[in-house]
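Trainee: below are the sequence and a predicted model; questions follow.
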Amino acid sequence: MRKIIIDTDTGSDDAVALLLALREPEAEVLALTTVSGNVPLDQATRNCLMTAEISGCNPLPPVYLGADRPLMRPPVHARNVHGEDGMGDRDLIHPTISPVAGEHAADAIIRLVEQYPDEIELAVIGPATNVALAMMKAPAVMARLKSIWTMGTSGFGPGNTTPVSEFNVYADAEAYKVMLDFGVPVTIVGYDMCTREAAWNVEDTDRLLKNGGECARFAVESNCKLREFSIAHWGSDLIDLPDAVTLGCMLWPEMVKGSAACVSHVCVEDPATYGQVILYDGHLLAGMDGFAQAPYGKTAPNCTVITAIDGALYKEKLEELLCR
Ligand code: RIB
Ligand code: CA
């Protein structure tokens with residue numbers, strides 16, 4: 001069993017990622033930690049609690065509240081994408097369970113990493129604020145984190161929040177920089193991996209509604225605003241689920257068909273490029289030729305970037321889990 005913690009700003013694609021992890025037999029979800037992002041912290045926490053209840057997972061993992069704002073900037077949200085409640089505005093969110101009182105998410109992450117040194121894999125599917133706080137507060141403990149899987153950056157494609165930045169980084173680029181430069185092995189699933197063949201189409205959602213039960217219906221209905229945004233934004237009736245793709249890559253290695261060791265550089269200074277993450281895989285360029293020249297001050301790759309996935313296999317496995 002793989003011991004995992006999921007840090008989430010529970011919007012509707014996070015919800016599918018949480019359902020995937022909570023229903024995956026090979027994953028032991030030690031804790032869920034919430035952070036401001038898609039929606040404010042309290043709403044993200046309510047959405048997380050409701051999703052955990054719907055998952056059918058027993059026993060349920062504890063839920064800890066984290067940062068209600070980024071390290072250095074005012075909070076940004078994505079209600080125009082996920083809905084006012086972050087979950088499709090379909091009146092789905094009525095949790096009967098409560099979060100753990102009295103322990104901040106960052107402290108819970110530190111405590112669990114100390115309890116299980118070199119065993120815990122951390123999935124970061126929202127802004128990295130909680131992770132950065134934990135790393136700054138207890139660096140020696142956090143160095144014993146086995147690995148980090150992050151949905152973040154636009155990969156090698158365009159941004160989805162500015163032309164060059166992806167939402168999770170744009171919401172708190174300073175935190176993302178702390179996380180990437182800390183030294184724990186990081187695997188990045190960029191937004192470029194999450195559109196096209198990995199997105200749900202109408203046939204996928206029709207099958208889920210026809211063959212699935214409460215869990216599948218919740219997964220589809222909570223993403224109805226994301227679907228409307230895709231139609232308006234991309235002109236295509238697809239539901240891209242970046243966080244679910246990330247948990248899929250993390251838990252189902254057979255869906256990963258390519259990756260690259262990269263040096264990363266998170267842009268935080270210039271407003272025009274704030275939240276951009278430059279990823280350099282060492283290929284020959286006119287001004288750079290590999291890692292020996294210490295591009296962006298780094299003499300070796302500090303992350304692995306997923307460059308190809310089997311979207312059909314991912315969707316097949318996800319559908320099976322949701323309809324089980
Ligand atoms: O850019 C997509 C990411 O930002 C996803 O994690 C989505 O839930 C939002 O947090
Ligand atoms: Ca998210």
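Mentor: Alright, I've got the coordinates. Ligands and ions are numbered 1, 2, ... in the order given.
Trainee: against residue 215, how distant is the closest residue to ligand 2 within the stretch 151-300 of the chain?
Mentor: With Cβ to the ion, the shortest gap between the stretch 151-300 of the chain and ligand 2 falls at residue 243, namely 4.8 Å. All C-beta atoms are positioned from the backbone trio N, CA, C, and that covers glycine. Counting by Cβ to Cβ, to the nearest Å, the gap from residue 243 to residue 215 is 16 Å.
Trainee: so the residue of the stretch 151-300 of the chain closest to ligand 2 sits against residue 12, correct?
Mentor: No: at 9.3 Å, residue 243 and residue 12 do not qualify as touching, with contact defined as Cβ atoms under 8 Å.
Trainee: on that earlier part again, what score does the residue of the stretch 151-300 of the chain closest to ligand 2 have for pLDDT?
Mentor: On the pLDDT scale, residue 243 is placed at 98.
Trainee: ok, residue 288 next?
Mentor: On pLDDT, residue 288 comes in at 89.
Trainee: ok, residue 120 to ligand 2 distance?
Mentor: As defined by Cβ to the ion, to the nearest Å, residue 120 lies at a distance of 20 Å from ligand 2.
Trainee: mind checking pLDDT for that residue?
Mentor: You'll see residue 120 listed with a pLDDT of 98.
Trainee: contact partners for the nearest residue to it once chain neighbours are set aside?
Mentor: With sequence-adjacent residues excluded and distances taken as Cβ to Cβ, 6 or more residues apart in numbering, residue 120 is closest to residue 3, at 5.1 Å. With contacts defined as Cβ atoms under 8 Å, 6 or more residues apart in numbering, residue 3 is in contact with 28, 30, 116, 119, 120, 121.
Trainee: got phi/psi on the fourth one?
Mentor: So that's residue 119. Here is the backbone geometry of residue 119 (degrees, to the nearest 10): phi -110, psi -30.
Trainee: next one: the one 4 residues further on
Mentor: Phi and psi for residue 123, reported as degrees, to the nearest 10, are phi -100, psi 120.
Trainee: so it bridges to which residues?
Mentor: Beta-bridge pairing of residue 123, defined through DSSP bridges, involves residue 6, residue 149.
Trainee: tell me if I'm right that it and residue 250 touch.
Mentor: Yes: applying Cβ under 8 Å as the test, residue 123 and residue 250 come out as touching, 5.9 Å apart.
Trainee: redo the contacts of residue 3 as JSON lines? Include distance to residue 135 and neighbour count.
Mentor: Supplementary listing: the contacts of residue 3 in JSON lines, determined by distance: Cβ to Cβ, whole Å; neighbours: other Cβ atoms under 10 Å:
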{"residue": "28", "distance to residue 135": "23", "neighbour count": "14"}
{"residue": "30", "distance to residue 135": "18", "neighbour count": "21"}
{"residue": "116", "distance to residue 135": "17", "neighbour count": "15"}
{"residue": "119", "distance to residue 135": "18", "neighbour count": "17"}
{"residue": "120", "distance to residue 135": "14", "neighbour count": "23"}
{"residue": "121", "distance to residue 135": "16", "neighbour count": "20"}
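Trainee: looking at the residues you listed, which is nearest ligand 1?
Mentor: Ranking those by separation from ligand 1, with Cβ to the nearest ligand atom as the measure, puts residue 121 on top at 17.2 Å.
Trainee: next SSE downstream of the one helix or strand that closest one maps to?
Mentor: When elements are assigned from DSSP states H and E, residue 121 belongs to strand 120-124. Next in sequence after strand 120-124, counting helices and strands by DSSP H and E, comes helix 129-137.
Trainee: got the residue ranges for the strands in this protein?
Mentor: For the chain, the strands defined by DSSP state E occupy 2-8, 27-34, 63-65, 120-124, 147-151, 186-189, 256-266, 277-280, 303-309.
Trainee: next, the contact list for the residue nearest to residue 280 when sequence neighbours are not counted, please.
Mentor: Across the structure, with Cβ to Cβ, 6+ apart as the measure, the residue nearest residue 280 apart from its sequence neighbours is residue 263 (4.8 Å). Taking Cβ under 8 Å, 6+ apart, we find residue 263 in contact with 279, 280, 282, 291, 295, 296, 298, 300, 301, 302, 303.
Trainee: those into TSV, with extra columns for distance to residue 186, neighbour count and pLDDT?
Mentor: TSV is the format used below for the contacts of residue 263 (distance: Cβ to Cβ, whole Å; neighbours: other Cβ atoms under 10 Å; pLDDT from 0 to 100):
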residue	distance to residue 186	neighbour count	pLDDT
279	12	20	98
280	15	18	97
282	17	18	96
291	16	17	94
295	17	20	94
296	15	12	96
298	13	17	95
300	13	10	95
301	10	17	97
302	7	19	97
303	4	23	98
